[in-house]
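Undergrad: Using only what follows, build the 3D model:
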Amino acid sequence: HIEATVKISLVYFPGKEAAEMRSESNATYRYVPEIELSHTFPSLLPSQATDTNHLEVHGSNFLETEDLSCHFEVSLPSNSTKSRRRNRIVETEAIYFNSTYIDCGAEVPGLD
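TA: So this is what the prediction gives:
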């Protein structure tokens with residue numbers, strides 16, 4: 001598929017004659033190819049967050065949008081049992097460079 005924007009017109013006839021009742025609305029649908037990740041740099045992050053932590057993300061089909069962000073799942077062993085883990089999702093700002101490279105900003109989480 002290629003990226004495309006198309007207009008869609010929805011017409012609803014709720015079981016009545018077309019002349020009696022009709023509801024119509026217009027919408028825009030934009031097909032966007034799925035993001036594909038190839039690699040990150042560095043491949044491992046330090047366990048402690050620093051002001052200079054950032055992560056380069058390389059791949060394809062990145063889009064420059066206002067809400068572009070990176071999400072990290074941080075998983076830590078539970079204090080009560082080693083078989084359970086505590087998970088949290090951390091969202092950071094992403095900086096768009098081009099469709100194949102973004103940078104996850106200085107808020108990349110550590111484990112501290």
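Undergrad: May I have the phi/psi pair for the spatially closest residue to Asn98 that is not a sequence neighbour?
TA: Residue nearest to Asn98 in three dimensions, not counting chain neighbours: Phe62, with 7.5 Å by CB to CB, 6 or more residues apart in numbering. Where you see a C-beta, it was placed from the backbone N, CA and C, and this is true even at glycine. With angles defined as degrees, to the nearest 10, Phe62 sits at phi -70, psi 140.
Undergrad: who's in contact with Phe62?
TA: 35, 68, 96, 98-102 (CB atoms under 8 Å, 6 or more residues apart in numbering).
Undergrad: mind checking pLDDT for it?
TA: We have a pLDDT of 94 for Phe62.
Undergrad: Same question for Asn79.
TA: On the pLDDT scale, Asn79 is placed at 70.
Undergrad: and what of Ile35?
TA: As predicted, Ile35 sits at a pLDDT of 92.
Undergrad: Which residue lies closest in space to it, excluding its sequence neighbours?
TA: In this structure, Ile35 finds its nearest non-sequential neighbour in Asn61, 4.9 Å apart by CB to CB, 6+ apart.
Undergrad: any idea how far Leu76 is from that neighbour?
TA: Applying CB to CB, to the nearest Å, the value for Asn61 to Leu76 is 32 Å.
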